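> my questions concern the predicted model and sequence given below.
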Amino acid sequence: MAATTLLRCAAIADVAVTALLAEADLTPKPGLVDRRGAGAHTDMDLAMLHASAESLRRTFVECASAATHSVIDVGLRSRLGEIGRAGEETMLTTTGGVNTHRGALWALGLLSAGAAHAGPAGAVQAAAQLARIPDRHTTVSPGPGSHGARARRRYGVAGAAGEAQAGFPHVLRHALPALRAARRCGADEASARLHALLALMATLDDTCVLHRGGAQGLRALQAGARAVLAAGGTGTPQGRRRFTALDDLCLMHRLSPGGSADLSSATIFLDTIEGEVASCRP
């Protein structure tokens with residue numbers, strides 16, 4: 001593979017890892033690990049999330065490399081599945097068996113491949129095409145015995161697989177517009193990213209929340225996030241009060257919006273990918 005192509009794949013992977021690290025570091029986040037502590041979790045912390053993100057760098061390079069100059073077909077989908085399964089094993093070895101980034105690996109692995117295949121502008125469409133191709137083996141999306149898969153079956157929601165197959169609608173219709181609108185209104189980058197996360201929490205049928213809190217927990221979390229947004233976000237006194245109430249709700253009921261966190265990483269990836277890889281195009 002040409003040196004320029006390798007550089008481009010490395011640049012794509014760097015954006016993916018940086019997106020994971022940025023999501024982890026974003027503080028405060030309701031129910032999620034951040035710089036304040038473990039949130040609703042008892043088995044992970046910020047250092048573990050950092051190590052997990054870095055452990056996936058080679059996986060994202062390989063996803064991008066596999067898709068460069070390739071046709072979107074069963075063969076490429078199968079190869080990406082192999083890469084993803086190996087990456088998941090690396091992640092689990094790094095974390096001592098804790099599932100830190102399985103959903104994010106699925107989303108960012110596909111988007112890394114999509115960006116390498118079709119460029120940043122075509123990344124989502126290519127990723128969705130790949131996600132819609134069945135993999136006869138276990139895929140990098142949550143498997144049939146995972147918490148996410150059980151929640152999908154029980155509650156009839158799309159989950160991580162459905163989100164990718166549909167072209168990441170919650171990212172494109174909710175998170176990215178919220179992120180960019182907050183910036184236009186003068187929000188700093190952390191506040192804008194939190195606004196985007198809240199937009200995801202308000203609208204996504206998050207299987208992580210469904211697993212822990214059922215439909216009632218999901219409704220309460222979505223209503224709490226909508227209340228923060230309706231009050232003008234965390235930039236207003238009322239918005240901050242409602243954010244505190246949402247944070248307390250998550251901690252009290254151990255609700256962790258992990259699906260929203262995964263899509264927050266995808267949002268950051270798509271928001272930054274074009275400028276980061278433009279100079280590395282072959």
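Happy to help now that I have it.
> tell me which element His117 falls in.
Using DSSP states H and E, His117 maps to helix 102-118.
> what helices and strands are in contact with that helix?
helix 3-25, helix 57-67, helix 74-95, helix 123-131, helix 159-165, helix 258-277 (3 or more C-beta pairs under 8 Å, 6 or more residues apart in numbering; DSSP states H and E). Backbone N, C-alpha and C define where each C-beta goes, glycine included.
> just the CA atoms from the second one would do, formatted as PDB, please.
Below are the C-alpha coordinates for helix 57-67, written out as PDB (Å, rounded to 0.1, in the frame of the first residue of the first chain):
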ATOM      1  CA  ARG A  57      -6.200   2.500  17.100                       C
ATOM      2  CA  ARG A  58      -4.800  -0.400  15.000                       C
ATOM      3  CA  THR A  59      -8.300  -1.800  14.500                       C
ATOM      4  CA  PHE A  60      -9.500   1.500  12.900                       C
ATOM      5  CA  VAL A  61      -6.400   1.700  10.700                       C
ATOM      6  CA  GLU A  62      -7.100  -1.800   9.500                       C
ATOM      7  CA  CYS A  63     -10.800  -1.000   8.900                       C
ATOM      8  CA  ALA A  64      -9.800   2.000   6.800                       C
ATOM      9  CA  SER A  65      -7.100   0.000   4.900                       C
ATOM     10  CA  ALA A  66      -9.500  -2.800   4.100                       C
ATOM     11  CA  ALA A  67     -12.000  -0.400   2.500                       C
END
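> could you list the buried residues of it?
Across helix 57-67, burial judged by 16 or more other C-beta atoms under 10 Å covers 57, 59-67.
> next one: the third one
In terms of neighbour count (16+ other C-beta under 10 Å), helix 74-95 has its buried residues at 76-81, 83-85, 87-88, 90-92, 94-95.
> what is it packed up against?
The contact analysis (3+ C-beta pairs under 8 Å, 6+ apart) places helix 74-95 against helix 46-55, helix 57-67, helix 102-118, helix 123-131.
> hmm, back to that, can I get the buried residues of helix 57-67 in JSON lines with distance to Ala187 and pLDDT?
Formatted as JSON lines, the buried residues of helix 57-67 follow (distance: C-beta to C-beta, whole Å; pLDDT from 0 to 100):
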{"residue": "Arg57", "distance to Ala187": "30", "pLDDT": "98"}
{"residue": "Thr59", "distance to Ala187": "32", "pLDDT": "98"}
{"residue": "Phe60", "distance to Ala187": "29", "pLDDT": "98"}
{"residue": "Val61", "distance to Ala187": "33", "pLDDT": "97"}
{"residue": "Glu62", "distance to Ala187": "36", "pLDDT": "97"}
{"residue": "Cys63", "distance to Ala187": "32", "pLDDT": "98"}
{"residue": "Ala64", "distance to Ala187": "31", "pLDDT": "97"}
{"residue": "Ser65", "distance to Ala187": "36", "pLDDT": "97"}
{"residue": "Ala66", "distance to Ala187": "37", "pLDDT": "97"}
{"residue": "Ala67", "distance to Ala187": "34", "pLDDT": "97"}
